[in-house]
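Participant: Need coordinates for the below:
(chains A, B, C and D, ligands or ions: 4)
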Protein chains: 2
Amino acid sequence: MLPYNISESTKGRMKTTSCPHKKNSHTSQHDHNICIEKALSKAEAVCRQRGARLTPQRRRVLELVWQTHEPVGAYDILAELQKEMRAAPPTVYRALDFLQQQGLIHRLASLNAYVGCATPDRADKVAYLICRCCKETSPLAPQNLSSEIAAQAERKGFQIENQIVEVLGLCPTCQQEGVVDE
Amino acid sequence: MLPYNISESTKGRMKTTSCPHKKNSHTSQHDHNICIEKALSKAEAVCRQRGARLTPQRRRVLELVWQTHEPVGAYDILAELQKEMRAAPPTVYRALDFLQQQGLIHRLASLNAYVGCATPDRADKVAYLICRCCKETSPLAPQNLSSEIAAQAERKGFQIENQIVEVLGLCPTCQQEGVVDE
DNA sequence: CTCAGAAATGTTATAAGGTAACATCGTGCG
DNA sequence: CGCACGATGTTACCTTATAACATTTCTGAG
Ligand SMILES: [Zn+2]
Ligand SMILES: [Zn+2]
Ligand SMILES: [Zn+2]
Ligand SMILES: [Zn+2]
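Facilitator: Ligands and ions are numbered 1, 2, ... in the order given. Here you go, the predicted model:
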């Protein structure tokens, strides 16, 4: 058996959640292949323009992140990669680091997971709503947040490099379904 | 040797950072014992008022979190506790969970670490500036941020339960000292 | 072309953070 | 007393991430 094999609990967890009403999820309401294609071609364009090397592996990892609109864990990606090749954690983390640097994905610190970014060309600071039940994410318009943060930081002489805004709660669907208790 | 023993790299890391100019840190510019005393007495008061039980262990963990204004890792606290008693990770995490529920500490998701909260009586959502070099944290005024977030969330029918705002960068001191490269 | 340096990837091992599950203890109340 | 409940103890394990070093692949200068 390979080293770094994936535990049963992790195995096959890709795309599944504890959410009882995944049927209504964003992902199932549209042709997601289009999302993936768009993301990949945009990534190619952005990297070409910047002289960044979107190697086949990095591209593949990006594709795997984009398999769903839910945040995906690094080891979920590793498990998928291992179906195709021999792979160890550093392979995945390096690719994720690269993709993050290029703004092609974002890491959600509250979930230790990654989501694809649909607008890697915009240097926008990012903010997300995250449903604690179905894990769906929804980007917030960052302008006002960022400017307020920037103003306060400037007042203190603090030089911003990165900002994390993650709002946890219940999405409309999960509220309707009566999901309760924190 | 005890189980859950602390690695050499972690051992004694409490209160140390990679920051070359810790001398200027907030912590060294004031009588920190006052901070600790204030925090503990406030905690007692808050818990008494709420009927929450600030047991000796929980109190001790809170005290350890307050040893510094820097964020402290759970295993750093464990290491300190183990100098006094036999202790395992759940002991620390349970105490941290309790303290967090009471708003006595906050977890910084971007650092996997915890800081004491000086205003546990206020139900304010919290936001922090975090220096990537010296790790000092500085709370942001959350009102405008929270109201902007609330407005956007409401527009989407999203029910907020918790929010994380962590701004990473360089504090004034570290900028002066010429810390560079991201 | 070629070869040296840089960038990317492979490989092994381990660190660091966190939780499940079940046993035990202590205290207050019927 | 005896039981219910919250807190703590204990063992074992899981998940996430990185260090360190070897090897391969790419790229550009000469
Ligand atoms: Zn889609
Ligand atoms: Zn939901
Ligand atoms: Zn202080
Ligand atoms: Zn600093």
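
Participant: residues in contact with the helix or strand encompassing A:Val61?
Facilitator: Per DSSP states H and E, A:Val61 falls inside helix A:56-65. Helix A:56-65 has contacts (C-beta atoms under 8 Å, 6 or more residues apart in numbering or on different chains) with A:36, A:39-40, A:43-44, A:54, A:72, A:77, A:80-81, A:84, A:91-92, A:95-96, A:98-99, A:104-105, A:114-116. (C-beta placed from N, C-alpha, C; glycine too.)

Participant: mind listing what's buried in it?
Facilitator: A:Gln57, A:Arg58, A:Arg59, A:Arg60, A:Val61, A:Leu62, A:Glu63, A:Leu64, A:Val65 (16 or more other C-beta atoms under 10 Å in any protein chain shown).

Participant: ok, now stretch A:150-161?
Facilitator: Result for stretch A:150-161 [16+ other C-beta under 10 Å]: buried residues A:Gln152, A:Ala153, A:Phe158, A:Gln159, A:Ile160.

Participant: Tell me which of the residues you listed fall in strands.
Facilitator: A:Gln159, A:Ile160 (DSSP state E).

Participant: And DNA strand D, is stretch A:53-68 touching that?
Facilitator: Yes. Looking at stretch A:53-68 against DNA strand D by C-beta under 7 Å from any atom of the strand, the contacts come from A:Arg53.

Participant: which non-adjacent residue is nearest A:Gly157?
Facilitator: B:Pro172 (3.7 Å; C-beta to C-beta, 6 or more residues apart in numbering or on different chains).

Participant: Contacts only, for the one you found.
Facilitator: Here B:Pro172 is in contact with A:Lys156, A:Gly157, A:Phe158 (C-beta under 8 Å, 6+ apart).

Participant: Repeat that for A:Pro71.
Facilitator: A:Leu108, A:Leu111, A:Ala113, A:Tyr114, A:Val115, A:Ile130, A:Lys135, A:Thr137.

Participant: The helix holding A:Val61: how far from the chain's middle?
Facilitator: 12 Å (C-alpha atoms, centre = their mean, to the nearest Å).

Participant: Tell me if that helix is near ligand 1.
Facilitator: No. Against ligand 1, helix A:56-65 shows no contacts by C-beta under 5 Å from the ion, the least distance being 12.0 Å.

Participant: hmm, that helix in reach of DNA strand C?
Facilitator: Yes. Contact of helix A:56-65 with DNA strand C (C-beta under 7 Å from any atom of the strand) involves A:Pro56, A:Gln57, A:Arg58.

Participant: of those, closest to A:Asp121?
Facilitator: Checking these against A:Asp121 with C-beta to C-beta, the nearest one is A:Arg58 at 17.5 Å.

Participant: Enumerate the residues of chain A near DNA strand C.
Facilitator: A:3-4, A:52-53, A:55-58, A:85-91, A:94-95, A:98.

Participant: Give me the subset of the contacts of helix A:56-65 lying in helices.
Facilitator: Among these, the ones falling in helices (DSSP state H) are A:36, A:39-40, A:43-44, A:77, A:80-81, A:91-92, A:95-96, A:98-99.

Participant: Leaving out chain neighbours, which residue sits closest to A:Asn112?
Facilitator: In space, A:Asn112 is closest to A:Gly73, 6.4 Å off (C-beta to C-beta, 6+ apart).

Participant: What pLDDT is listed against the one you found?
Facilitator: The per-residue pLDDT reported for A:Gly73 equals 98.

Participant: Could you measure from it over to A:Gln57?
Facilitator: Distance of A:Gly73 to A:Gln57, given as C-beta to C-beta, to the nearest Å: 18 Å.

Participant: where's A:Phe152 relative to chain B, distance?
Facilitator: Quick fix: residue A:152 is Gln, not Phe. The gap separating A:Gln152 from chain B is 5 Å, by C-beta to the nearest C-beta, to the nearest Å.

Participant: wouldn't that residue be in contact with B:Ala141 here?
Facilitator: Yes. Between A:Gln152 and B:Ala141 there is a contact at 6.4 Å, judged by C-beta atoms under 8 Å.
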